[in-house]
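**Student:** Requesting a structural model of the entry that follows:
(chains A and B)
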2 protein chains.
Amino acid sequence: MLTIALDAMGGDHAPQNEVQGAVQAARSLGVKVILVGRSNLVRQELEKYEDHADLPIEIVHAEQVITMDDSTDAVRTKKDSSLKVASRLVRDGKAQGLVSAGNTGAVMATAKIVQGVIPGVSRPALAAVFPTVKGSPVVLVDVGANVDCSPRQLSQFAVMGEIYSRIILRRPKPRVGILSIGEEDHKGNDLTRAAKELISGLNLNFLGNVEGRDLFGGNVDVIVCDGFIGNVALKVSEGLGDMVKTLLRESLESTISGKIGYAISRTAFQDFQKRLDYSEYGGAPLLGVRGVCIISHGRANANAIRNAIRVAAEFSEGRVNQQIEEELVVGAR
Amino acid sequence: MLTIALDAMGGDHAPQNEVQGAVQAARSLGVKVILVGRSNLVRQELEKYEDHADLPIEIVHAEQVITMDDSTDAVRTKKDSSLKVASRLVRDGKAQGLVSAGNTGAVMATAKIVQGVIPGVSRPALAAVFPTVKGSPVVLVDVGANVDCSPRQLSQFAVMGEIYSRIILRRPKPRVGILSIGEEDHKGNDLTRAAKELISGLNLNFLGNVEGRDLFGGNVDVIVCDGFIGNVALKVSEGLGDMVKTLLRESLESTISGKIGYAISRTAFQDFQKRLDYSEYGGAPLLGVRGVCIISHGRANANAIRNAIRVAAEFSEGRVNQQIEEELVVGAR
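**Tutor:** As a prediction, the model looks like this:
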């Protein structure tokens, strides 16, 4: 049975949301989940679910916890953190993938150090999946693993992102673009121009330059950029999304007719929110590490955790890493 | 009387929206507007307004038009474009400011070449104004004028953005931040770290690093970054904003109760849209050029054009450029 190691102490609402997500996954996905963390806390939470003893869930104790405020140094100093113990389970073949909603920097560092990097990969990259106006998802790589990138690294992000889009998101022939300013060929900076040269030589459905607004247009499936730009794009989207929800609620609540209208159009709002909701995609995969590593948002709810476990399982079943290795080493892309 | 030169042929709906915006401005702002463009087209449009003969509006003929598809070369080859003729009016002191909703690259190049750069300014920068969840506006500089920037240029953007925020947006003691990934001091890249050093030494209310999500949080008034990052942030925001409007409409229309709810909560939606609407701020000022240059969105409606004319007038009355020169040269910031 495919097994996923879940850092039960990672998120802002750990271990509550983690345990609930694990229960949902174990009930519905045919996947075993190893909950890693302070065993008394985790067990207490797990026992809230009547059917817990019948589910393929195991608890592995880890004494330490890496918090959101810890620096990446904690990866080195806290040798028995739930994160590190979970990552070791993947390294040792006891689990096929790692899921954590913890400190993103710490999760990336741990997966790279403990699980290691796929042969041929220069640098692992963090990918984020966004909804688009057409309903199809788009993958943005890198959203924060690498502040400075070389053209060759961007071309590897294109290869890894394309495989992810094809196998996990089931896009038939993913269109790949490079994030730049203006669509014309000469637009961009030295990095984007050099990377475009390299990516043009690959066997990909490559569109060339795309712009920030294409992120949500549904006309491209994979967008590559360095981790600084990608992180800004991700956080700008999160900030604007939060603002939209707040302003919409305030505007509706400030008028009586708004309140009535809100009650009547409730279904429509739920539909709208669901279509904006990133949690369906479960989290951000760190592409290029051995085993699998899915990083969920610190605020991830149980549904997001469940979906992250699902994605980690599909990642392993779909042999994403083998394909990355073949494309980068054997295919000599 | 303060006079603003308006490129009447710039936007996607030129000269219709331009003329309507000029009429609104001339009626209400106590400002004279010179409409520059094909005089027969502009006159035809202007004569639709009964009171046009009583308004402080003048037409100056220009034969050529720079289109959105033209490259920046058109600034050189089309010597009598409406844009260039309007910019010359500012250079020659016949108008105090330029407004155009045309090709952004061409407008920036024209203003720099024809009007020239303020003494002490290394590179002019394009600023965009965004709404925030708290209702106060935030200025992002640069959003596309300079692809690669030095730390010194970023520190000048901070000075210019702060003056704009204080005088035009009337923020009492603008808080300034630098766009980075993570708020901690060591986070970022070489450029942001070096720029932070420089900006810390200025007499500004400087917060240090801010993140993409702070763009809409209302806890910072001026955010500086290089033009590549700023352009991506701007376009990502535009793309997400468009998606939100589309999804919300679709979700509401797909349910009957949604349609009824929509009718009832109409006022609330109008309020929501108004709070998201960038057109209140009129357009993006190109900070650091002599005279004034406000670049409106190609899709700018008459209200946005009117507001751009208002901002251009306030820019001149508020002596923004004199303050920039004093701060950068005399103040030796």
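**Student:** in chain A, which spans are strands?
**Tutor:** A:3-7, A:32-37, A:57-61, A:97-100, A:125-130, A:138-141, A:175-179, A:205-210, A:222-224, A:284-287, A:293-295 (DSSP state E).
**Student:** among those strands, which is nearest A:Ala233?
**Tutor:** Taking Cβ to Cβ, strand A:138-141 is the member of the strands of chain A nearest to A:Ala233, at 6.5 Å. (Each C-beta comes from the backbone N, C-alpha and C, glycine too.)
**Student:** So which other helices or strands are in contact with that closest one?
**Tutor:** Packing partners of strand A:138-141 (3 or more Cβ pairs under 8 Å, 6 or more residues apart in numbering or on different chains; DSSP states H and E): strand A:125-130, helix A:151-167, strand A:222-224, helix A:227-253.
**Student:** now the third one, how far from the chain's geometric center?
**Tutor:** Relative to its parent chain, strand A:222-224 has a centroid offset of 14 Å by Cα atoms, centre = their mean, to the nearest Å.
**Student:** what mean pLDDT does that strand have?
**Tutor:** Mean pLDDT, strand A:222-224: 98.
**Student:** returning to what we had before: would you mind finding the most buried of the strands of chain A?
**Tutor:** Of all the strands of chain A, strand A:97-100 has the most neighbours on average by mean count of other Cβ atoms under 10 Å in any protein chain shown, namely a mean of 32.
**Student:** got the contact list for stretch A:257-267?
**Tutor:** Applying Cβ atoms under 8 Å, 6 or more residues apart in numbering or on different chains, the contact partners of stretch A:257-267 are A:251-253, A:269, B:252, B:255, B:257-258, B:260-268.
**Student:** Just the buried ones out of these, please.
**Tutor:** Among these, those buried by neighbour count (16 or more other Cβ atoms under 10 Å in any protein chain shown) are A:Ser251, A:Leu252, A:Phe269, B:Leu252, B:Thr255, B:Gly258, B:Gly261, B:Tyr262, B:Ile264, B:Ser265, B:Thr267, B:Ala268.
**Student:** list the contacts for the fifth one?
**Tutor:** B:Thr255 is in contact with A:Ser265, A:Thr267, A:Ala268, A:Asp271, counting by Cβ under 8 Å, 6+ apart.
**Student:** Which phi and psi values does the residue of the stretch 1-150 of chain A found nearest chain B adopt?
**Tutor:** The nearest approach of the stretch 1-150 of chain A to chain B comes at A:Val133, 4.4 Å away (Cβ to the nearest Cβ). With angles defined as degrees, to the nearest 10, A:Val133 sits at phi -70, psi -20.
**Student:** ok, so what distance separates it from B:Asp12?
**Tutor:** 20 Å (Cβ to Cβ, to the nearest Å).
**Student:** what about those two, which has more around it?
**Tutor:** Comparing A:Val133 with B:Asp12 by other Cβ atoms under 10 Å in any protein chain shown, the one with more neighbours is A:Val133, at 19 against 13.
**Student:** What sits closest to that one if chain neighbours are left out?
**Tutor:** Of all residues not flanking A:Val133 in the chain, B:Met243 sits nearest, at 4.4 Å (Cβ to Cβ, 6 or more residues apart in numbering or on different chains).
**Student:** likewise A:Arg166?
**Tutor:** A:Pro174 (5.5 Å).
**Student:** Number of residues surrounding A:Tyr49?
**Tutor:** Neighbours around A:Tyr49, by other Cβ under 10 Å: 18.
**Student:** Double-check it against A:Gln24; I have them as touching.
**Tutor:** No - using Cβ atoms under 8 Å, A:Tyr49 is not in contact with A:Gln24; the gap is 9.6 Å.
**Student:** check contacts around A:Ile178.
**Tutor:** By Cβ under 8 Å, 6+ apart, the residues touching A:Ile178 are A:154, A:158, A:188, A:192, A:195-196, A:199, A:208-210, A:223-225.
**Student:** hmm, try it at 7 Å
**Tutor:** Counting by Cβ atoms under 7 Å, 6 or more residues apart in numbering or on different chains, A:Ile178 touches A:Leu154, A:Thr192, A:Ala195, A:Lys196, A:Ile199, A:Gly208, A:Asn209, A:Val210, A:Val224.
**Student:** Flag the shaky bits of the stretch 151-300 of chain A, pLDDT-wise.
**Tutor:** Where the stretch 151-300 of chain A drops to pLDDT under 70, the residues are A:277-279.
**Student:** hmm, back to that, in terms of pLDDT, where does the residue of the stretch 1-150 of chain A closest to chain B sit?
**Tutor:** 90.
**Student:** I'm done for today, thanks for sticking with me.
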